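1. any chance you could fold what I've pasted below:
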Amino acid sequence: MDATEHWPAIVELVDRLITVGAYPDSGREAILASLHDREEQRSTGIGGGIAIPHAFSDDIEEVTAIFGRSAAGIDFGALDNAPVHYVVLFLVPREQYTLHLKTLAAIAKILNSAGVRTQLADAAGEPEILDILSLKATRA
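-> Predicted coordinates for the structure are as follows:
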């Protein structure tokens, strides 16, 4: 990730979703507002160098997620006050609260492993990161 601060990191990830065609540009402002409202409620920095910003959207039909890695770390106001190195931003279709909870739990379970975080830190780039996360997701 290029961003070094909390909110710019979220914007960077949303913009990347739009760039790759995973989220419509027409929904950008609405989803950023939803994510901002969620961040105002409580930090999505869960500790251990992990943040999981998330929101509901009317513009998607299935869970949409993106992973970001920050070597320097980002202050997300995490519960343990540690900088965040791994950000998984996900969006869930509106009214799918159960799916939201399952997705949040699955992401937290995968990233809760110190071994997985070490693999992600050592990964050379996007293909290797995707391999690590795909393999762990099939086991979660």
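
2. CA only for contacts and neighbour counts going forward, please
-> Noted.

3. tell me the secondary structure at the residue sitting furthest away from the middle of the chain.
-> Here the chain reaches farthest from its C-alpha mean at Ser26, the gap being 20.6 Å by CA atoms, centre = their mean. Following DSSP: H, G, I helix; E, B strand; the rest coil, Ser26 is assigned to helix.

4. what separation is there between it and Asp58?
-> Separation of Ser26 from Asp58 (CA to CA, to the nearest Å) stands at 11 Å.

5. how many neighbouring residues does Glu62 have?
-> Other residues within reach of Glu62, judged by other CA atoms under 10 Å, total 13.

6. ugh, wrong one, I meant Glu39
-> Neighbours around Glu39, by other CA under 10 Å: 20.

7. averaged pLDDT, the helix or strand containing it. What do you get?
-> Element membership for Glu39 (DSSP states H and E) is helix 28-41. In this model, helix 28-41 has a mean pLDDT of 95.
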